[in-house]
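Chemist: Here is my input, please return the structure:
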Amino acid sequence: MQFKSMIISNIEVSPGYFKMRMTAPPAVRSATPGQFIMVRVRDAIDPLLRRPFGIFDLGTFATAYTDCGTQTYFEILYKVVGKGTEMLSTLHQGDHLDILGPLGKGFMPGDPSGEKILVGGGVGMAPLYYLAKEMVKTSKVRLFAGGRNKEDILCITEFERLGVETYVSTDDGTLGASGLVTEVLEKHLSESIDNKTIFACGPFPMLRAIAAIAGRHDIPCQVSLEAYMACGVGACLGCVMKGRNHSNETPDYRCVCKDGPVFDYRDLQWD
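Modeler: Got it, this is the predicted structure:
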């Protein structure tokens, strides 16, 4: 669906990182954790392409402007890295954005029994919050959050308010454990691997390391990939990954936008 959404708030949650809340039309209210939207930053040729953003949260708040007294909203989490996101960061309450969504395939929570392990890095935390919000209703959830420094650790308080047990690590040791988040994850799994499922989103090197960990321990694992996208619907083939059956003789490519962004780690080639 293509729709216009009004900005409710656009707040800097950490230096260079913003969380934007927007009004949600009926199409977005049915979004599942892990799906994303494509945002036209402004009504002009430049920048030409939409930007993809995972859905951070979906909910309602009280308002005096609707007959029922509540308004449905959704949120995105983004980092200012270029011209498009720089423009987004300057927008204010009452501004409108042109949006496509919800798009892609989200997470499959599966059996509610057992422990759900979420692993996120930077803006990879975005789809994990909405996922945690749904899973804590029936499952025990742990979060492993990593970043280069403390400024890359986002929205931990929001996860803790859900009742999620959180573990934090930074490369430089400025917050939580010192080192990679995958090292903290490995330490936790060394204690027990029984009845656990991993859900991860973040930079590709982190996801590749998590896929290797899941393979060694034979743990179910779903990963949400980040990719540059031009269309968001599988038409441009600009965000392809090699599938597990890929070879020079029999190509097997998966579109991150259409076939994902969430994949079973066994369905991809990580080399």
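Chemist: Could you double-check that Gly147 lies in contact with Asp172?
Modeler: No: contact criterion CB atoms under 8 Å: Gly147 and Asp172 do not qualify, at 9.3 Å. The way it works is simple: take the backbone N, C-alpha and C, and place the C-beta from them, glycine included.
Chemist: in the worst-scoring helix or strand of the chain on mean pLDDT, what's buried?
Modeler: For the chain, counting by mean pLDDT, DSSP states H and E, helix 26-29 ranks last in confidence among helices and strands (a mean of 84). Using 16 or more other CB atoms under 10 Å as the test for burial, helix 26-29 gives Val28.
Chemist: So which other helices or strands are in contact with the longest helix seen in the chain?
Modeler: Counting residues, the longest helix in the chain under DSSP state H turns out to be helix 204-217. Counting contacts by 3 or more CB pairs under 8 Å, 6 or more residues apart in numbering; DSSP states H and E, helix 204-217 packs against strand 115-121, helix 181-191, strand 196-201, strand 221-224.
Chemist: Repeat the analysis, applying 6 Å as the threshold.
Modeler: strand 196-201 (3 or more CB pairs under 6 Å, 6 or more residues apart in numbering; DSSP states H and E).
Chemist: The stretch 51-200 of the chain: helices as residue ranges?
Modeler: Ranges of helices within the stretch 51-200 of the chain are 83-89, 126-135, 156-161, 181-191, based on DSSP state H, counting those that start in this stretch.
Chemist: okay, those helices in a markdown table with mean pLDDT next?
Modeler: Rendered in a markdown table, the data for the helices of the stretch 51-200 of the chain read as follows (pLDDT from 0 to 100):
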| stretch | mean pLDDT |
| --- | --- |
| helix 83-89 | 93 |
| helix 126-135 | 95 |
| helix 156-161 | 95 |
| helix 181-191 | 92 |
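Chemist: okay, these in a markdown table with mean neighbour count and distance to Met20 next?
Modeler: Formatted as a markdown table, those follow (neighbours: other CB atoms under 10 Å; distance: least, CB to CB, whole Å):
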| stretch | mean neighbour count | distance to Met20 |
| --- | --- | --- |
| helix 83-89 | 16 | 7 |
| helix 126-135 | 24 | 11 |
| helix 156-161 | 15 | 15 |
| helix 181-191 | 16 | 25 |
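Chemist: Out of those helices, which is closest to Ile55?
Modeler: Closest to Ile55 of these, according to CB to CB: helix 126-135, at 5.7 Å.
Chemist: and the protein, what are its domains?
Modeler: Here the domain assignment for the chain is 2-103, 115-226, based on automatic domain parsing.
Chemist: Single out the most deeply packed of these.
Modeler: domain 115-226 (a mean of 19; mean count of other CB atoms under 10 Å).
Chemist: before we move on, the earlier item: which of the domains of the chain has the lowest mean pLDDT?
Modeler: When the domains of the chain are ranked by mean pLDDT, domain 2-103 comes last with a mean of 88.
Chemist: Any idea how far apart the tips of that one sit?
Modeler: End-to-end distance of domain 2-103 (CA to CA, to the nearest Å): 11 Å.
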